[in-house]
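Participant: I would like to see how this sequence folds:
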Amino acid sequence: MCKDDYKHDRCCCLQGPQGVPGLQGPQGLQGLPGPQGSMGQTGMQGPQGLQGPAGVCNPEDCHGRECKCCESYLNAYSYTPQVVDGFGLGSDAVLFTNVNALSAADFDLSQMAASGEIKFLKSGVYCIFWGASGKVNPPLPSPNPSFSFGLWKNGVLVQGSNVSGFVQAPDDDALRISCEVMIDMHAGDVIKVRNASTHAVMMSPQTIGTSFPVIVANINIHCLKSLSTQ
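Facilitator: Residues are numbered from 1 along each chain as shown. Down below sits the predicted model:
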């Protein structure tokens with residue numbers, strides 16, 4: 001209780017004990033929603049996902065015409081020792097004597113082991129990779145000359161297919177050179193890998209330090225797109 005005297009600045013109040021808390025009142029009504037905030041900044045773009053596998057060509061999607069997909073392929077090689085004559089001086093083409101994989105209806109290989117000729121039976125855009133191992137046929141002149149091979153189509157050098165190299169010393173076994181091109185081929189077209197240098201090139205599967213013979217040449221052909229208009 002408070003006791004007042006005649007001076008108001010001398011009021012003395014004694015505080016009583018704290019009372020028991022009252023019961024909690026009911027929850028009030030929910031207030032009105034506030035205005036919508038402004039849109040936040042766009043986050044950083046995530047990394048690109050992995051590309052899915054290529055789909056399979058469905059002939060029914062071609063509306064009665066031949067699909068542009070193409071499944072022609074060939075993998076040929078040779079272990080046969082060869083001496084390939086200089087360009088235009090005789091047998092200047094590389095011979096292929098063995099086949100690992102082939103779509104038989106798409107190529108004529110009847111002359112491949114005799115003249116190096118591979119004939120195409122289906123028109124398309126083809127990826128053609130070839131490789132050869134050899135060195136200039138001894139005796140070697142000085143300085144040690146280079147040799148080169150290229151891809152010929154119907155008797156004409158395919159531009160961008162001619163590469164060269166040379167062994168470092170006369171006693172070296174061989175040097176491998178290779179090239180890959182993408183070109184249009186039509187039914188009846190013929191290709192050969194030929195010596196594009198003036199010197200004969202010796203190609204041997206027997207090399208020093210190897211446990212098995214090595215291939216002297218190989219060629220891989222894969223059709224990328226059909227060029228048939230039917």
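
Participant: where exactly do the helices run in the protein?
Facilitator: 112-115 (DSSP state H).

Participant: where does it dip in pLDDT?
Facilitator: 1-17, 19, 21-22, 25, 31, 40, 42-44, 46-68, 169-170, 229-230 (pLDDT under 70).

Participant: Could you tell me which strands the longest strand along it is paired with, and in which direction each runs?
Facilitator: Counting by DSSP state E, the longest strand found in the chain is strand 124-136. According to DSSP bridges, strand 124-136 forms sheet pairs with strand 175-185 (antiparallel), strand 201-203 (antiparallel), strand 217-226 (antiparallel).

Participant: Looking at those, which is nearest to Asn100?
Facilitator: For Asn100, the closest of the strands paired with strand 124-136 is strand 217-226, at 9.1 Å, according to CB to CB. (Each C-beta comes from the backbone N, C-alpha and C, glycine too.)

Participant: Buried residues, the closest one. List them.
Facilitator: For strand 217-226, the neighbour count (16 or more other CB atoms under 10 Å) marks 217-223, 226 as buried.

Participant: would you list the residues you listed in CSV and tack on distance to Thr210?
Facilitator: What follows is those, written out as CSV (distance: CB to CB, whole Å):
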residue, distance to Thr210
Ala217, 16
Asn218, 16
Ile219, 22
Asn220, 22
Ile221, 27
His222, 28
Cys223, 34
Ser226, 41
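
Participant: now the longest strand of the chain, how far from the chain's geometric center?
Facilitator: 17 Å (CA atoms, centre = their mean, to the nearest Å).

Participant: do the same with stretch 85-92
Facilitator: 34 Å.

Participant: Could you do stretch 95-113 as well?
Facilitator: 24 Å.

Participant: Nice, that's everything, thank you.
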